[in-house]
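S.K.: Coordinates only, no sequence provided:
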């Protein structure tokens, strides 16, 4: 069965850090761009970051530039989202998605189940 599984969410204080992981099962991430999205209660889903299949291209939403870093380890079939200097407005359920190119990531065919990130004192 083809699956994306996110992990690493949790409760963190403002200014803290978390690293999210997106692991693929049943297919090889080498051929896919991976995007991270988030959705807060009552808000629309927001694209956060995307990394190309080779890792050579990364994109970030303006709201997270300079604070979040996306990376991938194809040997582990996993993509990471390092989140630093977290703010309360980063609180959301974070999802990863797989699609051949970042330009089409919003229409991705594979999605994970999400992991909750809560930033609060």
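M.R.: Arrived safely, thanks for sending. Quantities reported herein were computed from a predicted structural model and do not represent experimental measurements. Numbering: from 1, shown residues only.
S.K.: Next one: the one residue sitting closest to the centre of the chain from residue 5, what distance?
M.R.: Taking Cα atoms, centre = their mean as the criterion, residue 36 is the residue nearest the geometric centre of the chain, at 2.8 Å. Taking Cβ to Cβ, to the nearest Å as the measure, residue 36 and residue 5 are separated by 14 Å. Quick note: C-beta positions are derived from backbone N, CA and C, even for glycine.
S.K.: list residues touching both of those two?
M.R.: With Cβ atoms under 8 Å, 6 or more residues apart in numbering applied, the overlap between the contact sets of residue 36 and residue 5 consists of residue 22.
S.K.: so residue 39 sits right up against residue 92, yeah?
M.R.: Yes: distance between residue 39 and residue 92: 5.6 Å, which falls inside the contact criterion (Cβ atoms under 8 Å).
S.K.: ok, the residue of the chain most remote from its centre - contacts?
M.R.: Relative to the mean C-alpha coordinate of the chain, counting by Cα atoms, centre = their mean, the farthest residue is residue 121 (23.2 Å). Residues counted as contacts of residue 121 (Cβ under 8 Å, 6+ apart) are 13, 14.
S.K.: who does the worst-scoring helix or strand of the chain on mean pLDDT touch, helix- and strand-wise?
M.R.: Scoring the helices and strands of the chain by mean pLDDT, DSSP states H and E places strand 110-111 at the bottom, with a mean of 92. Using 3 or more Cβ pairs under 8 Å, 6 or more residues apart in numbering; DSSP states H and E as the contact criterion, the secondary-structure elements in contact with strand 110-111 are strand 3-7, strand 92-99.
S.K.: next helix or strand past the helix or strand containing residue 71?
M.R.: Secondary-structure element containing residue 71, defined by DSSP states H and E: strand 68-73. Past strand 68-73, further along toward the C-terminus, the next helix or strand under DSSP H and E is strand 78-83.
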